[in-house]
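> Predicted model and sequence follow; I will ask about them next.
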Amino acid sequence: MDEIRKKAHQYFSDSVAKKNINNFKEALELIEKAINITPEVSLYWCTKAQYQFDLGRFSYALVSVEKAIELKPRNFIAWGIKGLIKRNMGECRQAAEAFIESLKIKPDFNVYSLLSAVQLEFDSKAALQSAKKALELNPEWEEAQNLFKKAEKQIERDSPQVE
């Protein structure tokens, strides 16, 4: 590892240490230093997006995560973070699209649950299927069990009643 990459990695490691003690301001400053000297590293942009998200700076986080995805389109973590950002911005369909991209790269029960939760806002049947996939990966996942039940109730409620 050359000296520049070593320095950038040290900034990254130090930023994680600061984040772990909830010092997001310094964590963000350190990850920005890593990005300034190695802007081609998707992981650093993804980390910056996560810190900005944690600070509630969703618009800034979206710019950072988009850069992470541009640098490494198959970064399933970046797609998941994008989904979280879009969810918190109230853009459930776009959040679902991002979670689906993450799942295409790496199926994960937690991401299926996140997908199911946002799909409940606009497509109960899809939400039911996503919760079902989460439970296939982890049958004990309580969150997915609850989402499955919510989706079933919503589908039942939305179905025309036969008299």
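The structure has been received and is ready for your questions.

> Neighbours of residue 40, how many?
Residue 40 is flanked by 9 other residues according to other Cβ atoms under 10 Å. Glycine gets a C-beta too; all of them are placed from N, C-alpha and C.

> what about stretch 70-77, how long is it end to end?
13 Å (Cα to Cα, to the nearest Å).

> distance between it and the chain's centre?
Distance of stretch 70-77 from its chain centroid, counting by Cα atoms, centre = their mean, to the nearest Å, is 12 Å.

> So what's the model's average confidence on that stretch?
The pLDDT scores in stretch 70-77 average 97.

> again, but for stretch 137-153
The model assigns stretch 137-153 a mean pLDDT of 96.

> Contacts made by that stretch with the rest, please.
Applying Cβ atoms under 8 Å, 6 or more residues apart in numbering, the contact partners of stretch 137-153 are 107-110, 112-113, 116-117, 119-120, 124-125, 127-128, 130-132, 134-135.

> just checking, which of the residues you listed belong to helices?
The helices, defined by DSSP state H, take in 109-110, 112-113, 116-117, 119, 124-125, 127-128, 130-132, 134-135 from the contacts of stretch 137-153.

> Which among the contacts of stretch 137-153 count as buried?
Buried subset of the contacts of stretch 137-153 (neighbour count, 16 or more other Cβ atoms under 10 Å): 108-109, 112-113, 116-117, 119-120, 124, 127-128, 130-131, 134-135.

> Among the ones in helices among the contacts of stretch 137-153, which one sits closest to residue 20?
residue 110 (20.4 Å; Cβ to Cβ).

> ok now do that closest one, which residues does it touch?
Residues in contact with residue 110 (Cβ under 8 Å, 6+ apart) are 134, 141.

> any idea how far it is from residue 80?
Counting by Cβ to Cβ, to the nearest Å, the separation of residue 110 from residue 80 is 9 Å.

> So what's the residue count around residue 80?
Per other Cβ under 10 Å, the neighbour tally for residue 80 reads 24.

> and if you look at residue 20?
Per other Cβ under 10 Å, the neighbour tally for residue 20 reads 9.
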